[in-house]
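Asker: Sequence and predicted structure, then a few things I'm wondering about:
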Amino acid sequence: MTSTTICLNAVCTGRVRTDNKNRPGNPGLVRKPRACQGTPGLSGNSGLFRKPRALFLLLPVILEYHSPMERRLKDLKNFLDEKADQFNNPEFIALDPVQIPHAYTRKEDIEIAGFLAAVISWGNRTSIIKNAKRMLAFMGDSPHDFILNHNEHDLWKAEGFVHRTFNSDDLLAFIEGLSHLYRDANGLEGVFEKYQTDDSLQPAIHELKKEFFAGPHLERSRKHLPDPLTGSAAKRINMYLRWMIRKDNCGVDFGIWKNISPAKLSCPLDVHSGNIARRLGMLSRKQNDAKAVQELDAVLRQMDPADPVKYDFALFGLGVYQQF
């Protein structure tokens, strides 16, 4: 009787081992499928854009193989660790809205630039980056100083701004909201530090929205800040929190908020990461909502309790760059 073990790690390292258990002394056969990676990078026919063909062909076998849960989770972790390392590198910055806060060195400028870029991060990424730069140019590329010291005449410069459904009226509402936070609430970091729980930042996102719109504002602008407690996946704010809290030592995520643990972060769930998570058997819920975020977080925290959202790079990269 022959037993074949196929695991994610084996596929990615190019080895599939067949063990003949009833034949003592037989070391088993080793065959090498086509390599599933090239040289890491973000250009040309590099490995970052190359589809993992061997893994794609063997995926149904992997998911249907009835190994113990611990073994399956370990194999999945090995594969996603490799992909997280592949995509979490400085070359990622040039293609992502995270490049916007990377244009600044002062902590408060990084926070505000990152927040505004994250708020409009839906749709075409080229358009997101272009319009985020427009917002900050309107602020003289000194967002913290502008938030605190602008006058009514300065605000007229925002006239005509639009990114999809986020228009100049919304931008003015967000300037006022940020002004309130930095004058009266110890800034964005202060809100999240105050309202974090022992294991989550989702309630703090809810409190941020309350604090942000505490003053007079247009009702239409509220839709641009999500609330997990009303069912939203809050993808854009969870992405922003990853930028501010997680320190990756690779030059992508900043890690400038030192008093909040990255273990509390939630995955920025969108259509790309959600589809890959479902395909890998990590997520059963069909909607990309707050309950799906909780379900996915539970799996990612088993894989790496200290840094669960590093796997956002793996899930997003597989969906966008390798069309897994």
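Answerer: Done, it's in.
Asker: distance of the closest residue to Val119 other than its chain neighbours from Phe138?
Answerer: Nearest in space to Val119, with sequence neighbours left out and distances taken as C-beta to C-beta, 6 or more residues apart in numbering, is His224 at 5.8 Å. Glycine gets a C-beta too; all of them are placed from N, C-alpha and C. Plainly put, His224 is 17 Å away from Phe138 if you go by C-beta to C-beta, to the nearest Å.
Asker: I am assuming Leu116 contacts Met135, so please confirm or correct that.
Answerer: Yes. Look at Leu116 against Met135 with C-beta atoms under 8 Å: they come within range, at 5.5 Å.
Asker: Now Gln294: which helix or strand?
Answerer: Per DSSP states H and E, Gln294 falls inside helix 290-303.
Asker: Give me the buried stretch members for that helix, please.
Answerer: Across helix 290-303, burial judged by 16 or more other C-beta atoms under 10 Å covers Ala290, Ala292, Val293, Leu296, Asp297, Val299, Leu300, Arg301, Met303.
Asker: want to throw the residues you listed into a markdown table with distance to Ala94 and pLDDT?
Answerer: As requested, those are exported to a markdown table (distance: C-beta to C-beta, whole Å; pLDDT from 0 to 100):
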| residue | distance to Ala94 | pLDDT |
| --- | --- | --- |
| Ala290 | 32 | 98 |
| Ala292 | 30 | 98 |
| Val293 | 28 | 98 |
| Leu296 | 27 | 98 |
| Asp297 | 29 | 98 |
| Val299 | 30 | 97 |
| Leu300 | 26 | 98 |
| Arg301 | 30 | 97 |
| Met303 | 28 | 96 |
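Asker: Just the angle for the lengthiest helix in the chain relative to helix 290-303, thanks.
Answerer: Longest helix of the chain, by residue count under DSSP state H: helix 69-87. Using axes from the mean of the first three to the mean of the last three C-alpha atoms, to 10 degrees, the direction of helix 69-87 lies 100 degrees away from that of helix 290-303.
Asker: next structured bit after helix 69-87?
Answerer: Heading C-terminal from helix 69-87, the first helix or strand you meet, by DSSP H and E, is helix 107-119.
Asker: Buried residues in that next one, which are they?
Answerer: Of the residues in helix 107-119, those buried (16+ other C-beta under 10 Å) are Glu108, Asp109, Ile110, Glu111, Ile112, Ala113, Gly114, Phe115, Leu116, Ala117, Ala118, Val119.
Asker: Export these to a markdown table and append columns for distance to Asp184 and pLDDT.
Answerer: Below are the buried residues of helix 107-119 laid out as a markdown table (distance: C-beta to C-beta, whole Å; pLDDT from 0 to 100):
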| residue | distance to Asp184 | pLDDT |
| --- | --- | --- |
| Glu108 | 15 | 98 |
| Asp109 | 19 | 98 |
| Ile110 | 21 | 98 |
| Glu111 | 16 | 98 |
| Ile112 | 15 | 98 |
| Ala113 | 21 | 98 |
| Gly114 | 21 | 98 |
| Phe115 | 17 | 98 |
| Leu116 | 19 | 98 |
| Ala117 | 24 | 98 |
| Ala118 | 22 | 98 |
| Val119 | 20 | 98 |
